[in-house]
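In: missing the sequence, but the structure's below:
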DNA sequence: CCTCCACTGGGTACCTTGTACGCGGTCTCG
DNA sequence: CGAGACCGCGTACAAGGTACCCAGTGGAGG
């Protein structure tokens, strides 16, 4: 089997059968890459930088990973494993889904670069697959698989979409190298021009009235999440009553 | 005012007051870039490629755009303008939001690279701002601004999240250079291994039973959208009755 | 135990990409 | 009718991904 015939990284064995004992490993490389990406952004995690981080030669990395793109896939799968979905389904679907959503948000905040990584089901790694198993297992007993896919997509979209928004602003602030208040001051002329133009009344309303979001993004997230869960509840049969249901 | 002091591209004037008449324009450059990105992906839209596309020298582009990053922002704003939100609010919020969601999906399918572009409110361009105005204008009369932000985020997240999933698979297929059936055949070994392992019963269920999604992604999207709209309806006061409401 | 060779780490080199800089020409303003 | 700001764009350079090559290593077969 030639290199080109491997379907994806998950099909490619990490180690050969014999030869010298490797000094590094996919895990070590991936961890280093994640560390750099967390601190300085995904674009800072270059092959040279990663190699330097673990004290390896640049080209040595290619003994473990076929390409940087594939390494990013490994990174994505690794951080997916940080979302705690043990003991799901627990019998309380609302609690399970809440725990999942919270875990996802926390993980994304820790690894904001994940927002820029495209993932698709057929190339999911073990951690992502396990996540899908546990998560969809929560509702599996109550609804057919297609409906389940639908509901999970709703929950996931809400969580990811909300966090994505949160992140992209934070990213812009960080990239400017300024403090948040300095950044806002810097942006003031643009906002002011839009407001003064009178063409964007709703935008103006957001700027003027909606101050709360900044104080507690997490509470905001929880609040929206309740709405989504209520929405899901409506789609479940009555046999799915959840102990924590607020109804 | 030095270059570095401009807040973002939208604050930077395209043309100076005098000097030779420019041959190109931001609009021309942006259109060319979008054309290339649509056909070959965002990474194919390099400065050299764009310059070649419009018959310009590479460095000429920098007379119109400060950097490639900013050009991507221009591209994003431009395609946002393709979503038709004229005459909103029309008085029928359900119809308005449906039209918006459909428009968003159609646009994303036409410009799949948009999924990889990070956007944040403070750097929105005119088209994005207008979109926000019209979209949030739909519910503005019924709920306070914070609630409106919340509901719009829900709708937007659902639409974007669903389409994102659709796109990332399509992208993988395209990137492989194979036809869809060839691609599935190529992926079969991996899927098969997962199924055979017995560790992923739900994943197996998805593979075996959930065949419908492939037949009509659009119908799937519409179906999920109805659920989201129902969810939004629950959050609105009774004065917001919509003529097209299915209740 | 020796030989063989698939493997290892990693240096060098090349290609692609974004973009700083400078030059010669042009157009508006004073 | 200068002057100076702006135009198109060729040249050049700094990253960054990675192909290729080489010397060394250690398990398998004799």
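Out: Right, received. Where do you want to start? Everything quoted here is computed from the prediction, not taken from an experiment.
In: what's the pLDDT at the most centrally placed residue in chain A?
Out: The centre of chain A sits closest to residue A:108, judged by CA atoms, centre = their mean, with a distance of 4.3 Å. For residue A:108, the pLDDT comes out at 98.
In: and for the one 3 residues further on?
Out: Among the per-residue scores, residue A:111 holds a pLDDT of 98.
In: now swap in residue A:17 and tell me
Out: For residue A:17, the predicted pLDDT is 68.
In: picking that back up, mind listing what the residue nearest to the centre of chain A touches?
Out: Contacts for residue A:108 (CB atoms under 8 Å, 6 or more residues apart in numbering or on different chains) come out as A:114-115, A:160, A:163-164, A:167. For the C-beta atoms, the positions are set from N, CA and C on the backbone; glycine is no exception.
In: residue A:23: neighbouring residues, count only.
Out: Look at residue A:23: counted by other CB atoms under 10 Å in any protein chain shown, it has 11 neighbours.
In: next one: residue A:81
Out: By the criterion of other CB under 10 Å, residue A:81 has 15 neighbours.
In: returning to what we had before: now secondary structure too, for the contacts of residue A:108, in CSV please.
Out: Output for the contacts of residue A:108, formatted as CSV (DSSP: H, G, I helix; E, B strand; the rest coil):
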residue, secondary structure
A:114, helix
A:115, helix
A:160, helix
A:163, helix
A:164, helix
A:167, helix
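In: nearest to chain B among those?
Out: Distances from chain B to the contacts of residue A:108, taken as CB to the nearest CB, are shortest for residue A:160 (5.9 Å).
In: what helix or strand is the closest residue in space to that closest one that isn't next to it in sequence on?
Out: Spatial nearest neighbour of residue A:160, chain neighbours left out: residue B:161 (5.9 Å); criterion: CB to CB, 6 or more residues apart in numbering or on different chains. Per DSSP states H and E: residue B:161 is located in helix B:145-176.
In: gap between residue A:116 and residue A:123?
Out: Going from residue A:116 to residue A:123 by CB to CB, to the nearest Å gives 16 Å.
In: what about the residue of chain A found nearest DNA strand C, how many residues close to it?
Out: Residue of chain A nearest DNA strand C, by CB to the nearest atom of the strand: residue A:57 (2.3 Å). Residues lying near residue A:57 (other CB under 10 Å) number 11.
In: surely it and residue A:47 touch.
Out: No: counting by CB atoms under 8 Å, residue A:57 does not reach residue A:47; the two are 10.3 Å apart.
In: residues of stretch A:63-83 that come out buried?
Out: A:63-65, A:70-80, A:83 (16 or more other CB atoms under 10 Å in any protein chain shown).
In: ugh, typo on my part, it should be stretch A:44-52
Out: For stretch A:44-52, a neighbour-count test (16+ other CB under 10 Å) marks A:45, A:47, A:50-51 as buried.
In: over to stretch A:116-136?
Out: Buried, per 16+ other CB under 10 Å, within stretch A:116-136: A:116-125, A:127-136.
In: restricted to helices, list those residues.
Out: Judged by DSSP state H, the buried residues of stretch A:116-136 include A:127-136 as members of helices.
In: save those residues as CSV, and put in distance to residue A:153 and pLDDT too.
Out: Converted to CSV, those look like this (distance: CB to CB, whole Å; pLDDT from 0 to 100):
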residue, distance to residue A:153, pLDDT
A:127, 19, 96
A:128, 15, 96
A:129, 16, 96
A:130, 18, 96
A:131, 14, 97
A:132, 11, 96
A:133, 16, 97
A:134, 16, 97
A:135, 11, 98
A:136, 10, 97
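In: now do the closest residue to residue A:111 other than its chain neighbours against residue A:164, distance only.
Out: Excluding the flanking residues, the one nearest residue A:111 by CB to CB, 6+ apart is residue A:79, at 4.7 Å. As judged by CB to CB, residue A:79 and residue A:164 stand 15 Å apart.
In: before we move on, what about residue A:76?
Out: Between residue A:76 and residue A:164 the distance is 15 Å, computed by CB to CB.
In: return the helix or strand in chain A with minimum mean pLDDT.
Out: Ranked by mean pLDDT, DSSP states H and E, the weakest helix or strand in chain A is helix A:212-215, scoring a mean of 60.
In: next helix or strand past it?
Out: helix A:217-235.
In: same for that following helix, what does it pack against?
Out: helix A:93-110, helix A:145-176, helix B:145-176, helix B:217-235 (3 or more CB pairs under 8 Å, 6 or more residues apart in numbering or on different chains; DSSP states H and E).
In: looking at those helices, which is closest to DNA strand D?
Out: Smallest distance to DNA strand D across these (CB to the nearest atom of the strand): 12.8 Å, for helix B:145-176.
In: just give me how far whichever helix or strand comes after that closest one sits from the chain centre.
Out: Per DSSP H and E, the first helix or strand lying C-terminal to helix B:145-176 is helix B:180-197. Put simply, helix B:180-197 sits 30 Å off its chain's centre (CA atoms, centre = their mean, to the nearest Å).
In: so who does the residue nearest to residue A:111 touch?
Out: Contact partners of residue A:79, counting by CB under 8 Å, 6+ apart, are A:34, A:107, A:110-111, A:114.
In: spell out which residues of chain A are next to DNA strand D.
Out: A:17-21, A:44, A:46-49, A:58-59, A:62, A:67-69 (CB under 7 Å from any atom of the strand).
In: out of the residues you listed, which sit inside helices?
Out: Among those, the members falling in helices are A:47-49, A:68-69 (criterion: DSSP H).
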